[in-house]
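S.K.: What follows is a predicted structure for the sequence shown.
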Amino acid sequence: MIAALKTILGRAVSEITGQQSPDIAIQSPPSGFGDFSTPIAFGLAKQLRQNPSKIAERLAAAIDDPLIKTADTEGGFVNIRVSDRELETWLDRQFLSKELTTFESKNQIVQVEFVSANPTGPLHIGHARGAVVGDSLAKILSKFGYSVKKEYYLNNRGRQMRLLGESVRAVMDGKAIPDDGYKGSYISDVADKIDRTDTTEQISAKASDIILEGIKEDLAEFSITMDNFFSERELIDNGNISKLFDFLQQKELIYEEGGAIWFKSSMFGDDKDRVLKKSNGDLTYFASDIYYHYNKFIIRKFDKVIDVWGADHHGYVGRMKAACRAIGIAPERLSVVLVQIVNLLREGEPFSMSTRSGQFVTLKELIDEVNPDAARFLFLTRKVTSHLDFDVEIAKKQVSENPVFYVQYAYARTRSIFKKALEQKVKYNNKTPLLAGDIGKLERALMIELACYKDAIAKSALQLDPFYLSSYLLDIAKLFHQFYHEVRILGGEKNMISSRLRLCDIASYIIADGLKTLGISHPERM
RNA sequence: GCGCCAGUAGCUCAGCAGGAUAGAGCAACGGACUUCUAAUCCGUAGGCCAGAGGUUCGAAUCCUCUCUGGCGCACCA
């Protein structure tokens, strides 16, 4: 709906300025000023050398579309009121054709890489936010018209793996776990499943496989699934990273100094050059990360790649972007979503977790005690950039007042009303007109908001943040509850009942679609 | 020392490519079920938008500085 208004207003702006209009801000005005408003006249004032109210008046006069009933001005704002009849037609048509919730295919493949925790221990609640945001974002982008591939990158080689193998071996041999090894209690569970005669190298491979199975199970309980687990071990050991070095060599982007091979990342906006191959011959993580992105863009040809990282990796963004530019990738093809760190508290006291020390609260422990929908929603109702305090004890206690139930309850009400209608043998089909007589204030507000569903999806997709969709759903739920509470749906004359059921039908459809898109369940009854 | 993210109601957070009276949820207080699920609704109260300057017709929003908190600045992973 907002997209449609932008087009209409854009035409009016072009008519006045004779130029293509920029993106137009559409807002909800204070009550009494119409359905939508725009301050665009203020911006045009300088350009046209005329005062904003004059411009607003000219704009209002130039607006010509049946969807818009009135366009008034007030102190430079243009306030728009949508025509009831056109609103009805618009919703009707889009609902029946499914356009209300679907976007055209963009014919592009987007890869979303997230979680990617080292398979050296179970997922803990520190991983939860990134996991939820990544999964929901993938669903949103898919709805928005991209073909989406969800991937988990496994850092399953190198020092961490060696330490894991040594730690498991130590437990098997009844020896003390090395100081820098992994000390969690899960290590002995893993050790029980591995053959004592294996080499340390075999042990570490088997251990990480076992741990990965657990990670997959935990993600599944959070209704998160991956399309692919991409193994660094296979990428590097069975791949051909020398191709990357050849490529960089050819472009004169690497050089040797002090026995190490350096990448000229400073040429691409990074603070300094970075080492790719250490003087002892080992590859740095940066080297395999570049090769991984080389694989994403050049080998697998993803149109766009979205890396979901914890904000503690922000120092790595410049480097990664520099590397991508160096291998010829247009910068806009790589987006890094930095999910802010969650400050973990236990009854008000901060605590930190570490996989190595074995001190952490696992994701599984959390989900066993907190409804997964509630846990998911908790992370989705804040912007990814927002710092978040997460008190494990409070989260457990406060489950019942989680706003997710507010939305789910609205959905359950949309379903129960149809059950009731069936009991009362009320006739309804989805061809019934949405309007039967005068439209109430609450119905109208709900209809307008329902018509903006795709705008909420688009905003979340473009901003790469599920927050906008979750807050939209809270808004819709509020409007629905108000409507449901004030208006007796199954009372009154037949036409009225039918048209109100029609509105419930559309609301039901939108809320369910929105919850699905966030990866949250939508129970029929609560 | 340098950089990134933040500081808005008692709490958790929106609002920030400058625009109308700074919003919501929770907590508090007061109301609404003989009628479609009260996990709901209605109302009241709650604010020097961290602080100080600046730009502007207009600043929570942009710029500078200060203070506070979190996170980064490796031939670590």
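M.R.: Done, it's in.

S.K.: Quick check: which ranges of chain A have low pLDDT?
M.R.: Low-confidence segments of chain A (pLDDT under 70): A:348, A:436.

S.K.: Where does the record place the domain boundaries for it?
M.R.: Using automatic domain parsing, the domain ranges for chain A come out as A:2-82, A:114-239+A:287-339, A:404-518.

S.K.: right, and the ones you listed - which one's nearest residue A:93?
M.R.: domain A:404-518 (10.6 Å; CB to CB). Heads up, the C-betas are built off the backbone N, CA and C, glycines and all.

S.K.: do the closest one and RNA strand B meet?
M.R.: Yes. Using CB under 7 Å from any atom of the strand, domain A:404-518 comes into contact with RNA strand B via A:405-406, A:409, A:412-413, A:415-417, A:419-420, A:467, A:471, A:474, A:478, A:481-482, A:484-491.

S.K.: Then stretch A:151-167?
M.R.: Yes. Contact of stretch A:151-167 with RNA strand B (CB under 7 Å from any atom of the strand) involves A:155, A:158, A:159, A:160.

S.K.: Now that stretch: buried residues?
M.R.: Neighbour-count burial for stretch A:151-167 flags A:151-158, A:160-161, A:163-167 (criterion: 16 or more other CB atoms under 10 Å).

S.K.: Keep only those of those that are in strands.
M.R.: Members of these lying in strands (criterion: DSSP state E): A:151, A:152, A:153, A:154.

S.K.: could you pull out the strands for the stretch 201-350 of chain A?
M.R.: Per DSSP state E, counting those that start in this stretch, the stretch 201-350 of chain A carries strands over the ranges A:228-231, A:254-257, A:260-263, A:274-277, A:304-310, A:334-339, A:342-346, A:349-350.

S.K.: how about TSV for those, with mean neighbour count and distance to RNA strand B added?
M.R.: Shown next, in TSV, are these (neighbours: other CB atoms under 10 Å; distance: least, CB to the nearest atom of the strand, whole Å):
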stretch	mean neighbour count	distance to RNA strand B
strand A:228-231	17	14
strand A:254-257	13	6
strand A:260-263	20	4
strand A:274-277	20	4
strand A:304-310	21	8
strand A:334-339	20	7
strand A:342-346	17	6
strand A:349-350	10	8
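
S.K.: any chance of these in a markdown table, plus distance to residue A:125?
M.R.: Listed next are these as a markdown table, based on distance: least, CB to CB, whole Å:
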| stretch | distance to residue A:125 |
| --- | --- |
| strand A:228-231 | 21 |
| strand A:254-257 | 40 |
| strand A:260-263 | 35 |
| strand A:274-277 | 32 |
| strand A:304-310 | 13 |
| strand A:334-339 | 13 |
| strand A:342-346 | 7 |
| strand A:349-350 | 13 |
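
S.K.: Nearest residue to residue A:511 in space, please, no chain neighbours.
M.R.: Spatially, and ignoring its direct neighbours in sequence, residue A:511 is nearest to residue A:411 (4.5 Å; CB to CB, 6 or more residues apart in numbering).

S.K.: cool, and residue A:203?
M.R.: Nearest non-adjacent residue to residue A:203 (CB to CB, 6+ apart): residue A:165, at 4.6 Å.

S.K.: The one you found: what's it in contact with?
M.R.: A:200, A:201, A:203, A:204, A:205, A:207 (CB atoms under 8 Å, 6 or more residues apart in numbering).

S.K.: what's the spacing between it and residue A:209?
M.R.: Separation of residue A:165 from residue A:209 (CB to CB, to the nearest Å): 12 Å.

S.K.: now residue A:222
M.R.: Where residue A:209 is concerned, residue A:222 sits at a distance of 21 Å (CB to CB).

S.K.: How about stretch A:212-219, which residues are buried there?
M.R.: Applying a neighbour-count criterion of 16+ other CB under 10 Å, one finds A:212, A:214, A:215, A:218, A:219 buried in stretch A:212-219.

S.K.: Mind putting those into a markdown table with distance to residue A:68?
M.R.: Formatted as a markdown table, those follow (distance: CB to CB, whole Å):
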| residue | distance to residue A:68 |
| --- | --- |
| A:212 | 56 |
| A:214 | 57 |
| A:215 | 53 |
| A:218 | 51 |
| A:219 | 47 |
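
S.K.: Can you tell me which of these end up in helices?
M.R.: A:212, A:214, A:215, A:218, A:219 (DSSP state H).

S.K.: Need the nearest residue in space to the third one, chain neighbours excluded.
M.R.: In other words, residue A:215. With CB to CB, 6+ apart, the residue lying closest to residue A:215 is residue A:123, at 5.5 Å.

S.K.: How many residues are close by the one you found?
M.R.: 26 (other CB atoms under 10 Å).

S.K.: Also residue A:273?
M.R.: Neighbour tally, residue A:273, other CB under 10 Å: 17.

S.K.: which ones are touching it?
M.R.: Residue A:273 neighbours (CB under 8 Å, 6+ apart): A:262, A:263, A:264, A:265, A:266.

S.K.: Can you get me a residue count around the third one?
M.R.: Neighbour count of residue A:264, defined by other CB under 10 Å: 18.

S.K.: Also residue A:110?
M.R.: For residue A:110, the neighbour count with other CB under 10 Å is 24.
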